[in-house]
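Student: Build me a model from this:
(one chain, ligands or ions: 2)
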Amino acid sequence: MFPQPTRGGPRTMASEVLDNRVVVVMGVSACGKTTVGRRLADRLGVPFLDADDLHSAANRAKMASGRPLSEADRRPWLAAVAEWIHTAADRSGGVLACSALRREYRELLRPPGADVWFLHLALDPAVALQRISARKGHFMPPELLDSQYRLLEPLGSDEPGAAVDASGSTEQTAEAALQALARSSPGPAAPIRPARP
Ligand SMILES: Nc1ncnc2c1ncn2[C@@H]1O[C@H](COP(=O)(O)OP(=O)(O)OP(=O)(O)O)[C@@H](O)[C@H]1O
Ligand SMILES: O=C(O)[C@H](O)[C@@H](O)[C@H](O)[C@H](O)CO
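Tutor: Residues are numbered from 1 along each chain as shown. Ligands and ions are numbered 1, 2, ... in the order given. Sure thing, here's the model as predicted:
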């Protein structure tokens, strides 16, 4: 089982900004999706999912061995991620970290009726390489980074979302993300929960 978006519960002022929107934090491996996504979910008071938690053992083993996933490997994974999005959109909204590298994958992550908004964490390949090389205890090896950049299709002007520079600190990136989200918000402007010291 994967973490389910919770039903009901107190809606924070900030979650009114989301108004059941689901934010997909996207980008290449090690751009900071999980780190920034968790922070955003915390600030907004909504559930968080790391889409890596929905990969099959076979997918993880394949990536760990230095082989990129095929389109067929990704299909059931993206379907499981879309199911989480569908549930989250029906409840309080949510934030998830998911590479969503190609437009075609992003289309699969937009269930009918769900308000899905993509946040692309844009990062220079050299910085991503430093981050992935320094990271400990993760299945994704640095040698797969090139394949991630080859697949990456930045957001089209007709896709819902925004790109932010992810080269600064986590806090700076999260702040830029919250501002972009507030500018595009479907709900009334409302204060965001203050950052923890
Ligand atoms: N703003 C930042 N500055 C420096 N290091 C960062 C920053 N954000 C994340 N990191 C570090 O970079 C590494 C990658 O971050 P993270 O795991 O959040 O990326 P990711 O996009 O979720 O990766 P993946 O898709 O491979 O799971 C981690 O070790 C994390 O601590
Ligand atoms: O679509 C893909 O190639 C993979 O799913 C990767 O993007 C991983 O999920 C992740 O980035 C590694 O941690």
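Student: And the closest residue to residue 95 other than its chain neighbours, which helix or strand is it part of?
Tutor: Distances taken as C-beta to C-beta, 6 or more residues apart in numbering place residue 41 nearest to residue 95, at 4.0 Å, with adjacent residues excluded. Every C-beta, even on glycine, is put in place using the N, C-alpha and C of the backbone. Using DSSP states H and E, residue 41 sits in helix 33-44.
Student: what about the following helix or strand past that helix, average pLDDT?
Tutor: Once the chain leaves helix 33-44, the next helix or strand it forms, by DSSP H and E, is strand 48-50. The average pLDDT within strand 48-50 is 98.
Student: by contact count, what packs against strand 48-50?
Tutor: With contacts taken as 3 or more C-beta pairs under 8 Å, 6 or more residues apart in numbering; DSSP states H and E, strand 48-50 sits against helix 33-44, helix 71-90, strand 94-97.
Student: rerun at 6 Å
Tutor: Here strand 48-50 touches helix 33-44, strand 94-97, going by 3 or more C-beta pairs under 6 Å, 6 or more residues apart in numbering; DSSP states H and E.
Student: what about the first one, distance to the chain center?
Tutor: Same thing as helix 33-44. 9 Å (C-alpha atoms, centre = their mean, to the nearest Å).
Student: near ligand 2, anything from the longest strand seen in the chain?
Tutor: Identified as the longest strand of the chain according to DSSP state E is strand 116-122. No: under the criterion of C-beta under 6 Å from any ligand atom, ligand 2 is not reached by strand 116-122; the shortest gap measures 11.4 Å.
Student: Name the strands paired with that strand and say parallel or antiparallel.
Tutor: Here strand 116-122 is paired, per DSSP bridges, with strand 22-26 (parallel), strand 161-165 (parallel).
Student: Adding mean neighbour count and distance to residue 117, write those strands out as JSON lines.
Tutor: Below are the strands paired with strand 116-122 laid out as JSON lines (neighbours: other C-beta atoms under 10 Å; distance: least, C-beta to C-beta, whole Å):
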{"stretch": "strand 22-26", "mean neighbour count": "29", "distance to residue 117": "5"}
{"stretch": "strand 161-165", "mean neighbour count": "18", "distance to residue 117": "5"}
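Student: Could you dump the ones you listed into a markdown table with distance to ligand 1 and mean pLDDT added?
Tutor: Listed next are these as a markdown table, based on distance: least, C-beta to the nearest ligand atom, whole Å; pLDDT from 0 to 100:
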| stretch | distance to ligand 1 | mean pLDDT |
| --- | --- | --- |
| strand 22-26 | 8 | 98 |
| strand 161-165 | 10 | 98 |
